[in-house]
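from the sequence below, what's the structure:
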Amino acid sequence: MSKTLIAKISLIIIAIGWGATFLPIQKALYYINVPSFLFFRFLFSGIFMYLASLKFGLKFDKNSLIFGVILGFFMFLDFIFQIYALKFTYSSTVAFIIGLNIVIVPFLVCFFFKVKLSLKAILSAFLAVVGLFLLSNTKGFGLGLGEALALISAFAYAFHVVYTGKFVKNCNIYALLVVQFFTVSFLTLIYAILFAKTTPNSYKILGGFEIWLSLNFIYILIFTVIFATIIAFFVQTKAQIYLSPTQTALILSLEPVSAGFIGYFIGQELLTKAQIFGAVLIIISILISELNFTKFIGKFTRKI
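Next up, the predicted model:
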């Protein structure tokens with residue numbers, strides 16, 4: 001099995017795993033505000049990643065420090081603008097717009113790195129966007145404040161994917177992740193103190209920064225820190241050594257698909273026929289991106 005195929009399979013598993021985090025995180029956010037939760041999630045992720053990496057060649061250098069801060073900043077923007085967007089428009093609309101990173105990524109790669117877009121990549125991206133539109137069940141789209149903020153979040157996420165692919169080849173992967181996690185943790189702490197509002201069931205520490213004193217919080221943190229952050233981002237970063245940013249963005253579009261089906265089968269949430277069709281379109285778009293049409297047509301022609 002080639003390293004490229006292993007990278008693709010690993011990324012599919014991570015996308016499905018990220019989708020599985022929606023339900024527990026959604027429940028946690030009734031008891032602690034988002035930036036405070038993100039602070040604890042990325043703080044412990046940074047600590048455990050650092051300790052685990054000591055045995056695997058952790059080495060800080062200029063590149064890993066600079067690149068880690070840049071990627072951490074993009075990730076922070078993604079989370080924060082997504083939060084703001086939800087205050088001004090439907091969550092389904094936000095989900096759809098953020099999913100547009102599937103289209104944004106290949107164009108960013110084309111613009112910044114002069115990589116030519118293939119027809120297959122454009123077709124796959126188009127089908128994935130249509131699928132996301134149906135899956136998100138959005139009621140409409142107009143560029144108001146909420147939509148504009150969601151679009152900034154989509155661009156931040158797209159930049160994160162694109163530059164992860166560039167940076168990971170030029171620095172220590174462990175150091176890159178450690179710096180990235182601590183950067184997000186620091187920025188979310190500042191944001192929580194200055195701008196966040198406390199929730200009724202939490203313990204206020206400073207400004208809007210708070211903690212939820214519950215065993216459930218510890219369980220959710222363990223799950224999101226170990227599986228949804230340390231393992232997931234390590235696999236994504238490692239996979240991007242072998243996959244293009246466009247391939248990465250397309251495979252990660254399986255995240256809302258898995259979230260939808262997990263919510264349907266476990267969380268008793270309803271999915272319409274249009275949403276199910278949208279999920280199928282996303283899967284088809286990924287299959288199209290992986291098919292070698294020239295080879296397939298050649299075999300078909302020889303048979304005729």
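
which other residues reach the helix or strand hosting T248?
Counting by DSSP states H and E, the element that carries T248 is helix 245-252. With contact meaning C-beta atoms under 8 Å, 6 or more residues apart in numbering, helix 245-252 is reached by 8, 11-12, 14-15, 18, 101-102, 105-106, 108-109, 121, 124-125, 128, 158, 161-162, 164-165, 236, 239-240, 243, 285-286, 289. (Each C-beta comes from the backbone N, C-alpha and C, glycine too.)

how far off centre is that helix?
10 Å (C-alpha atoms, centre = their mean, to the nearest Å).

go on, stretch 165-177?
For stretch 165-177 - counting by C-alpha atoms, centre = their mean - the centre lies 18 Å from the chain centre.

can you give me the end-to-end distance of it?
13 Å (C-alpha to C-alpha, to the nearest Å).

repeat that for stretch 52-70.
Stretch 52-70 end-to-end distance (C-alpha to C-alpha) = 23 Å.

residues making contact with that stretch?
50, 163, 167, 170-172, 174-180, 183, 230.

are any of the residues you listed buried, and which?
50, 163, 167, 171-172, 174-180, 183, 230 (16 or more other C-beta atoms under 10 Å).

secondary structure and distance to S36 added to these, as a markdown table?
Converted to a markdown table, these look like this (DSSP: H, G, I helix; E, B strand; the rest coil; distance: C-beta to C-beta, whole Å):
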| residue | secondary structure | distance to S36 |
| --- | --- | --- |
| Y50 | helix | 22 |
| Y163 | helix | 27 |
| F167 | helix | 28 |
| C171 | coil | 30 |
| N172 | coil | 30 |
| Y174 | helix | 27 |
| A175 | helix | 27 |
| L176 | helix | 25 |
| L177 | helix | 22 |
| V178 | helix | 21 |
| V179 | helix | 22 |
| Q180 | helix | 19 |
| T183 | helix | 17 |
| I230 | helix | 20 |
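
and which of those residues is nearest R41?
I230 (10.3 Å; C-beta to C-beta).

thought the closest one was touching I47?
No - the pair I230 / I47 is not scored as a contact, 10.1 Å apart, by C-beta atoms under 8 Å.
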